[in-house]
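Visitor: the sequence and its predicted three-dimensional model are supplied below.
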Amino acid sequence: MKLYTHEEMLNKTIGEHGTAERANYDARMDDEITKHTNYNQSQN
């Protein structure tokens with residue numbers, strides 16, 4: 001049984017880096033991380 005990395009699973013399900021779908025996914029994830037980081041910083 002092969003174990004897949006997170007990156008391999010993203011490549012298989014969303015697409016390789018450089019595709020429109022992957023760029024959209026990466027942008028959404030960056031927005032979410034930024035939103036949570038900014039929220040946590042405002043709580044200090």
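Guide: Happy to help now that I have it.

Visitor: longest helix anywhere in this structure?
Guide: In the chain, taking DSSP state H as the definition, the longest helix is helix 20-42.

Visitor: residues in contact with that helix?
Guide: Leu10, Ile14, Gly15, Glu16 (CB atoms under 8 Å, 6 or more residues apart in numbering). C-betas here are computed from N, CA, C, even on glycine.

Visitor: of those residues, which belong to helices?
Guide: Among the contacts of helix 20-42, the members found in helices (DSSP H) are Leu10.

Visitor: same list, the contacts of helix 20-42, but as JSON lines with neighbour count and pLDDT please.
Guide: As requested, the contacts of helix 20-42 are exported to JSON lines (neighbours: other CB atoms under 10 Å; pLDDT from 0 to 100):
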{"residue": "Leu10", "neighbour count": "17", "pLDDT": "96"}
{"residue": "Ile14", "neighbour count": "15", "pLDDT": "96"}
{"residue": "Gly15", "neighbour count": "15", "pLDDT": "96"}
{"residue": "Glu16", "neighbour count": "10", "pLDDT": "95"}
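
Visitor: and the closest residue to Tyr4 other than its chain neighbours, how many residues sit next to it?
Guide: Of all residues not flanking Tyr4 in the chain, Lys12 sits nearest, at 7.5 Å (CB to CB, 6 or more residues apart in numbering). Lys12 has 10 neighbours, counted by other CB atoms under 10 Å.

Visitor: same deal with Gln41?
Guide: Around Gln41 there are 8 residues (other CB under 10 Å).

Visitor: separation between it and Glu21?
Guide: 31 Å (CB to CB, to the nearest Å).

Visitor: try Asn38
Guide: 26 Å.

Visitor: now swap in Thr5 and tell me
Guide: Thr5 is 19 Å from Glu21, by CB to CB.

Visitor: neighbour count winner among these two?
Guide: Legend: neighbour count by other CB under 10 Å for Thr5 and Glu21, higher for Glu21 (11 against 8).

Visitor: for that one, give me the pLDDT.
Guide: pLDDT recorded at Glu21 is 97.

Visitor: low-scoring stretches of the chain, by residue?
Guide: Applying pLDDT under 70 to the chain flags residues 39-40, 43-44.
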